[in-house]
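A.B. asks: Need coordinates for the below:
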Amino acid sequence: MVNYFPSDINTDDRPLRRTLVLQNMWHQSKYKTYIIMKLLLLLSCVFILTVSANQCGKKKSSAESYKAKLEIKALCMNYTLRLTEGSLDTSMITANWTDETTGKTYTNVFALGSRCSFPDGIEQGDEFYFVLDSARQQDCAVCMAYYPTPPKKLYIKVVNK
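C.D. replies: Just a heads-up that it's a prediction; the model follows:
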């Protein structure tokens, strides 16, 4: 053990030494706390990066493909699609919908939400496979003409099966 107050020093210097020793101990304690906080911050960052890196390269397991039929190919990409294969959550599609222009009723339909990425080659009556598209990036010009569509829209990506 280090004797911070040796008996051979002058008694006049003891209060000064005591003050210096206490200040030194306080600074060492403050420095240790600073180092501990830095280490905790570094460990937190490493943990967050590790957890997020595990999810980065994974494809979503919900990338199930579905089959649909283009029922109505109206002007300005006002398309109505009918789910023909696969089971989507019923809250995502319209169970029964009547086209107010023709009076025809459709079941399990939805409006096309991803107008910019839908292929031009698919015609009315064609069936195709798709997956739900979570990107929803829509940077294209689409005219604003109206044709009735079901109230529920899905953003989809056409895929080859």
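A.B. asks: just the helices in this structure please.
C.D. replies: 14-56 (DSSP state H).
A.B. asks: ok, which stretches of it are strands?
C.D. replies: 66-73, 79-85, 94-98, 105-112, 127-132, 153-154, 156-159 (DSSP state E).
A.B. asks: just so I know, which of those lies nearest Leu49?
C.D. replies: strand 127-132 (28.5 Å; CB to CB). The way it works is simple: take the backbone N, C-alpha and C, and place the C-beta from them, glycine included.
A.B. asks: What residues sit buried inside that closest one?
C.D. replies: 128-132 (16 or more other CB atoms under 10 Å).
A.B. asks: cool, stretch 40-47 as well?
C.D. replies: For stretch 40-47, using 16+ other CB under 10 Å, no residue counts as buried.
A.B. asks: still on that earlier bit, which one of the strands of the chain lies nearest to Asn24?
C.D. replies: Using CB to CB, the nearest of these to Asn24 is strand 127-132, at 64.4 Å.
A.B. asks: Just the residues contacting the closest one, thanks.
C.D. replies: 62-70, 84, 122, 154-161 (CB atoms under 8 Å, 6 or more residues apart in numbering).
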